[in-house]
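Sequence first, then the predicted structure, then my questions.
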Amino acid sequence: MALKNEDRQEIGVPGRDAGIRLRIWPALLIVIVNLSVALAAWRFGTTNIHAMVGFIIVPILAAVLLIIWWLAASRAPVRDRWAGFALVAAVLFWVYITQKSNGELLLMAAVPTITTGVVALLAVTFWLPWPVRRWCVVALMAGCAAVFTATRADGIGSNFVPILAWRSSPTAEELVAASEGLANPKPGAMAHVPAQAGPGDWPGFRGPARDGRAEGVTFSADWSTPPRQIWRHPVGPAWSSFVVVGDYLFTQEQRGNDEAVTCYLAATGEGIWVNRVPVRFDNNMGPGPRATPAYDQGRLYTLGATGILQCLDAATGKTIWKRDVTQDAETKIPTWGFSGSPLVVVDRVIVFPGGDEGKSVVAFDRTSGDLAWRAGAATGGYSSPQLTRIAEVSQVLISCDFGLMSLVPETGASLWEHPWKTKADPRIDQPLLVDGASVILGSTAGTGRLRVQKTESAWTVATEWTVKSFRPYFNDFVCHKGHCYGLDGNRLSCIDAQTGQGRWDAIRCGGQVLLVPEIDTFLVLSEAGDVILVQAAPEKFTELARFKALNGKTWNHPVIAHGKLFVRNAEEAACFELPADPTAR
């Protein structure tokens, strides 16, 4: 008895090609849903959770469903089903193994592109004989293999979308090295720094109090003529920001295979000195250090991404002492590298390496570098130690995956702690003291306000409110006149600091914020490198001005010091003169 064509298909016996008709609608439905979710995440998503769902979780689920459809329900000849599956797997494997790095990021782009392309091709060629359609798919796969083999992923944005470039094109780091554009010191050059940071200086991460406030600063908000650029030059990749003391800038960079601490003349950007350590950290967020130096009494304290803690002579850049915090905290380099900036308190240098029980936070003698104490039960995180004063008691707050803990700076003794477990770790943002007794703590799962009080016998910590509508990721926020301003994911937002109630949501920009309280404004350095000036008012969002300051992905905090705006990212640094306030006397 002769087999019907459909029966021949099911058992893999060749039949009349014209009789092979795919069941294509399930695949089209899967692709349409996948593209719709990705478009919604791109258009309306604000947090990294939305981005992860739209660009990672749903595409993976769609790919799995398409595999099931192809193998079990497509009606393609059996041998073609397995051959097609093997071909797609081979192409993706080839794309992955031919990448020097970030192969998994390239697959994030390749998988949905290939699966969508194949389904679309099969749908529009429905009228062709099956052998022709089959070879069209093979040609498409060969083209995809060629294109993605010639492509590389230069990391990932805060929206979890891979940043793609042709492999033949040089990276930003290679361009800088080839041009010899990095500012290098002149022989014998020194920085004539003051003994202590003074008025107008910016001596550490996010300013003197680590709260992102440029106190005592005024300038004109009329940027019809953008702030004048004073200088611009390439820098090595890093997510560090600047320290400004007197006439000098300090920051951290990756220079080839060396992690570097660099000093520049603030007026010109001219290189003064470079301190190098032969280590390199690199992952899909980009290479280089993540922390910002801290200045104290003529010395600079720096923490590299691999855990090298240094005390440097700020005048010459020479190393006074050096430690490896992975050994002192008995821990490993975290996934995204050590990111917390050192905190100098009296005679202690405090860092947060996130070691095991009792070794989470480590302090060293400021002068000698000797281990002073180890303490804390945090399970890790990327926040920096935050010095604050509550109930007239000086204390160091540590925001971590456990929650929030408070330690005595001199000894590491525990004062109080507040567990706050969420499913959206890690913690990166700084805890913010808002009224002398309340701390606002942000995470990707939401934000909460804690009331901290001291009685005769103990400390008490009570939750005043928590909200899920304000979810900072690695974007620190600021507080002004009872309201917090910052980024809910990548959307600029304002919430009431007393209640947590949202006041407004505005543009999506990513980046970091800096408050200028004297003129009731805050400045945003966006992920795209734009400087945006915004009215710090809860009634409505008002953008006062903006201009393009940097090129390339920008995650570094901006700095205002001595009437100048200093900005940098992983490719370049620039200095701008802020226009004078015409009302200032």
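Looks like it arrived, so ask away.

Leaving out the residues flanking it, which one is nearest to Leu66?
Thr115 (5.2 Å; C-beta to C-beta, 6 or more residues apart in numbering). (Each C-beta comes from the backbone N, C-alpha and C, glycine too.)

ok, now which ones touch the residue lying closest to Asn257 once chain neighbours are set aside?
Excluding the flanking residues, the one nearest Asn257 by C-beta to C-beta, 6+ apart is Arg280, at 5.0 Å. The contact partners of Arg280, by C-beta atoms under 8 Å, 6 or more residues apart in numbering, come to Gln254, Gly256, Asn257, Asp258, Glu259, Pro287.

and the residues you listed, which two are the farthest apart?
Every pair in these was compared (C-beta to C-beta); the two farthest apart turn out to be Asp258 and Pro287, at 11.4 Å.

ok, those two, which is more surrounded?
More crowded of Asp258 and Pro287, by other C-beta atoms under 10 Å: Pro287, with 23 against 15.

quick one: the more buried one and Gln254 touch, right?
Yes: contact between Pro287 and Gln254 holds when scored by C-beta atoms under 8 Å: they sit 4.9 Å apart.

Can you report how many residues neighbour Ile163?
Counted with other C-beta under 10 Å, the neighbours of Ile163 add up to 17.

again with Trp373
18.

out of everything not next to it in sequence, what's closest to it?
Here the residue nearest Trp373, using C-beta to C-beta, 6+ apart, is Gly412, at 3.8 Å.

so who does that neighbour touch?
So Gly412 contacts Val361, Ala363, Ala372, Trp373, Arg374, Ala375, Gly376 (C-beta under 8 Å, 6+ apart).

what about the first one, distance to Leu578?
Translated: Val361. Separation of Val361 from Leu578 (C-beta to C-beta, to the nearest Å) stands at 37 Å.

more neighbours, those two?
Neighbours per residue, other C-beta under 10 Å: of Val361 and Leu578, the larger number sits with Val361, 27 against 20.

My guess is the more buried one contacts Leu407. True?
Yes: Val361 lies in contact with Leu407 (C-beta under 8 Å); the separation is 6.2 Å.

who touches both of the two?
The contact sets of Val361 and Leu407 overlap at Ala375, Gly376, Val396, Ile398 (C-beta under 8 Å, 6+ apart).

Secondary structure element holding the last one?
Think Ile398. Using DSSP states H and E, Ile398 sits in strand 393-400.

Give me the helices and strands touching the very next helix or strand once past that strand, please.
Sequence order places strand 403-407 as the next helix or strand after strand 393-400, per DSSP H and E. Other helices and strands packing on strand 403-407, by 3 or more C-beta pairs under 8 Å, 6 or more residues apart in numbering; DSSP states H and E, are strand 393-400, strand 414-419.

Now with 10 Å, please.
For strand 403-407, the contact count by 3 or more C-beta pairs under 10 Å, 6 or more residues apart in numbering; DSSP states H and E identifies strand 361-365, strand 371-375, strand 386-390, strand 393-400, strand 414-419, strand 438-443, strand 446-454, strand 459-467 as packing neighbours.

strand partners of the third one, parallel vs antiparallel please.
If I follow you right, that is strand 386-390. Note on strand 386-390: by DSSP bridges, its sheet partners are strand 393-400 (antiparallel).

Send over the partner strand as CSV, restricted to the C-alpha atoms.
Extracted in CSV, the C-alpha atoms of strand 393-400 (Å, rounded to 0.1, in the frame of the first residue of the first chain):
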residue,chain,number,x,y,z
VAL,A,393,26.8,58.7,68.0
SER,A,394,29.2,58.5,65.1
GLN,A,395,28.8,55.2,63.2
VAL,A,396,29.5,53.5,59.9
LEU,A,397,26.5,52.2,57.9
ILE,A,398,26.9,49.2,55.6
SER,A,399,24.2,48.5,53.0
CYS,A,400,24.5,44.9,52.1
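
buried ones in it?
Going by neighbour count (16 or more other C-beta atoms under 10 Å), the buried part of strand 393-400 is Gln395, Val396, Leu397, Ile398, Ser399, Cys400.

Reformat those residues as TSV; add distance to Val64 and pLDDT.
Output for these, formatted as TSV (distance: C-beta to C-beta, whole Å; pLDDT from 0 to 100):
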residue	distance to Val64	pLDDT
Gln395	49	96
Val396	47	97
Leu397	43	96
Ile398	40	94
Ser399	37	93
Cys400	35	89
